[in-house]
Every structure is written in structure tokens, then in C-alpha cells.
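1. Would you be able to build a 3D model of this:
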Amino acid sequence: MQYGILESYKGNYTLAANYLLRTLIYADKTNEKSIYSSVYINLASVYSALEEYKKAKYYLLKIDKKELKDNLLLNINYLGNMGQLEYELKNYSSALGYLNKGIEILSPYVGDINLIQPYRDWE
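-> Below is the predicted model:
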């Protein structure tokens, strides 16, 4: 998985996707279910960069919902990615819904809520 992430940072998104897909094959063979969600988040980012938004959304929707509930960082990444994907797919209302949900979850952790207020004004 790390090779996939590194290649995505370099902008080699096709190679990054290849590494990440190989990671899923490895996880299946070794029954390493704990890494699926991380791989799915990274695949979604890579496919977004490749402007393959439907594939990106496909992988985001595969993320375990219980894990989203239990993992704040994963949930924030998920909501941000889904918001961006919906925006790219021109589903603006849905995009705002995801982004607002992320803001709502993060607000207790942000020292100054005014930093994120402009995004709420899009509504």
C-alpha cells in the first residue's frame, strides 16, 4: 500500500492504482481485512485524480460503515472525499451535505468555528 501512496504523491496515479489494487489481492489472500478501508480511501483519491469519479465513489461505498463510525479520521476522509466526488459529479446539494456533516463532526475539535463558517454559507 505504501508504494501506492508514494506514487500518488508523485502524480503517478495509474501506477498508484496498480499498487493499491495489488494490496487488495494481498489482503484477500492473507485475510488482512483491517487494511481494506485504508486501501479504499486511497483508491478513491487516486481515481479522483484520474477523473474516474464513478470508480472513486465505488471504492468509497465499499468502506465498512461500522469502521467509519468507530474511526474519526477515516470518517472525515470519507466525508471529504464523498463531498468532492459529488461536487465533481455536479451533485452540489449532496456535496454540501457531506461537507457539512464533516464540519459538524470536526467542530468540537476546532478552536475557532469561524474558520469553517464560510463553507456553511454555500447553502
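2. who touches stretch 59-68?
-> Outside stretch 59-68, the residues that touch it by CB atoms under 8 Å, 6 or more residues apart in numbering are 36-37, 40-41, 43-44, 47, 74-75, 78, 81-82, 85. The C-beta positions use only the backbone N, C-alpha and C, and glycine is treated the same way.
3. Of the residues you listed - the most surrounded one?
-> Most neighbours among the contacts of stretch 59-68, by other CB atoms under 10 Å: Ala44, with 28 neighbours.
4. Isn't that residue up against Glu52?
-> No: between Ala44 and Glu52 there is no contact under CB atoms under 8 Å: 10.0 Å.
5. burial measure for Asp28, as a count.
-> Counted with other CB under 10 Å, Asp28 comes out at 11.
6. Pick out the least confidently modelled helix or strand of this structure, by mean pLDDT.
-> Lowest on mean pLDDT, DSSP states H and E among the helices and strands of the chain sits helix 117-120, with a mean of 49.
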